[in-house]
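Chemist: quick one, what's the 3D model for this:
(one chain, ligands or ions: 1)
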Amino acid sequence: MAFSFVASLVSVAIVFYETASIIFPLKISVYWKIACTVLLLLGAFKNILFQIIGGGMFFAPNLPHGVILAGALLYNLLIVALLLSVVKDAVWLFWKACHLLGVCRGDFPAGKASGAVLALAVILTLYGTWEAIRVPDVAIHDLSLPGLSEEFEGKKMALLVDLHASSLNRRPLIQAIVEKTNALSPDIVLLPGDFVDGLARDRKDDLEPLSRLRAPLGIWGTSGNHEYYSGYADWTKLLSEWGVALLENRHVVLSSGSGKLVIAGLPDQQGARFGFAAPDVKEALRGAPADVPVILMAHRPEDAAENAEAGVTLQLSGHTHGGMMPVLDKIVARFNGGYLRGWYDVGTMKLYVSPGTSLWNGFPLRLLNPAEITLMILHRAR
Ligand SMILES: [Fe+2]
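Modeler: Down below sits the predicted model:
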């Protein structure tokens, strides 16, 4: 409640700022200015409005896809226009300073600048929202793992994270992701969390295509924070019925001929808040065979140093969504131990942070930050 109150206050402040900065100076009638401000207000309060109309969770209301998408577009426009308005106003301040110093002449073209900001914001919003909700491309990585046995040379490992099935990311998208992943013929599929937003009774059909994933060495997962918000017990039961084996503070030893590979998983740290297990890497690796590479799924990247210390060879994470867009990505990295997307060396451990395979419906925007189905081809380190 406190969160939604503070978020509402901030949203109102943003709408007032944008109205003053880009709507008011436009050379359009007052009726159009009022209409633009009302649209921004609808975007600002979409979560509250959607919950009143559709019920369900605050960030996962039960409404038709088109309604959720319309709300998402308005909210995305609000955020993109905010960043562009700040840039425009910085230029305006610079112009004023030059004017006072006698360097610039004439008036700042406020109407034209506001029109340009609004037009650019609309274009970036449409593009960024499309980028967020389309079927992702495949990103292929050749991965050298120290200690990998000959039998695992060339094995393919698919990574799908942050699927966030919701009233926005519905069954057709999840199904397309599953089909695209199966077409890669992975030997192992790993799903380190944030499968869903919404209760099992509402979203079960949207996530069900996961039951069609195929991989001879198994489909393994672990929880993300959103599983706890969405009814952890119901979702973990469904996932195991669909063939996704959850590794929460435990590991399995995969075999191929005489070769072995350890796959381990940690539950998300939100588990402890909801009365479930907290992540414990020592427990997860207890009894794991020595001299066998350990691949660890941990939804968040921030505890990478501790996991490296515990003897993990490769950590696979998500959660950051790659920061969604420039500027915001700096803030996201600060809250995630400095990690955002891509490869990191943490001591002797490799860390890969996926930008996510889909996107959270609370802010579905991607600019210069595409989603991906990740495919890693394992190689022996030379
Ligand atoms: Fe997450």
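Chemist: a strand runs through Leu340, doesn't it?
Modeler: No: Leu340: not assigned to a strand; according to DSSP: H, G, I helix; E, B strand; the rest coil it is coil.
Chemist: quick one: residues in contact with stretch 14-25.
Modeler: By Cβ atoms under 8 Å, 6 or more residues apart in numbering, the residues outside stretch 14-25 that reach it are 33, 36-37, 40-41, 44, 78, 81-82, 85, 88-89, 110-111, 113-114, 117-118, 121. Quick note: C-beta positions are derived from backbone N, CA and C, even for glycine.
Chemist: return the distance of it from the chain's centre.
Modeler: 29 Å (Cα atoms, centre = their mean, to the nearest Å).
Chemist: show me where the stretch 101-250 of the chain has its strands.
Modeler: 137-145, 156-159, 188-191, 219-221, 245-246, 250-256 (DSSP state E, counting those that start in this stretch).
Chemist: out of the ones you listed, which is the most enclosed?
Modeler: Ranked by mean neighbour count, the strands of the stretch 101-250 of the chain are led by strand 188-191 with a mean of 26 (mean count of other Cβ atoms under 10 Å).
Chemist: so Asn369 touches Thr320, yeah?
Modeler: No: using Cβ atoms under 8 Å, Asn369 is not in contact with Thr320, being 9.9 Å away.
Chemist: and the residue of the stretch 251-382 of the chain nearest the ion?
Modeler: Using Cβ to the ion, the single residue of the stretch 251-382 of the chain nearest to the ion is His319, 3.9 Å away.
Chemist: tally up the residues packed near that residue, please.
Modeler: 25 (other Cβ atoms under 10 Å).
Chemist: apart from its neighbours in sequence, what residue is nearest it?
Modeler: What sits nearest to His319 in space, not counting adjacent residues and going by Cβ to Cβ, 6 or more residues apart in numbering, is Arg300, at 4.7 Å.
Chemist: show me the contacts for the residue of the stretch 251-382 of the chain closest to the ion.
Modeler: Counted by Cβ under 8 Å, 6+ apart, His319 has contacts Val161, Asp162, Gly193, Asp194, Gly224, Asn225, His299, Arg300, Pro301, Asn336, Val353.
Chemist: the stretch 251-382 of the chain against the ion: which residues are in contact?
Modeler: With Cβ under 5 Å from the ion as the criterion, the stretch 251-382 of the chain meets the ion at residues His319.
Chemist: let's see it at 8 Å
Modeler: Counting by Cβ under 8 Å from the ion, the stretch 251-382 of the chain comes close to the ion at Asp268, His299, Arg300, Gly318, His319, Trp360.
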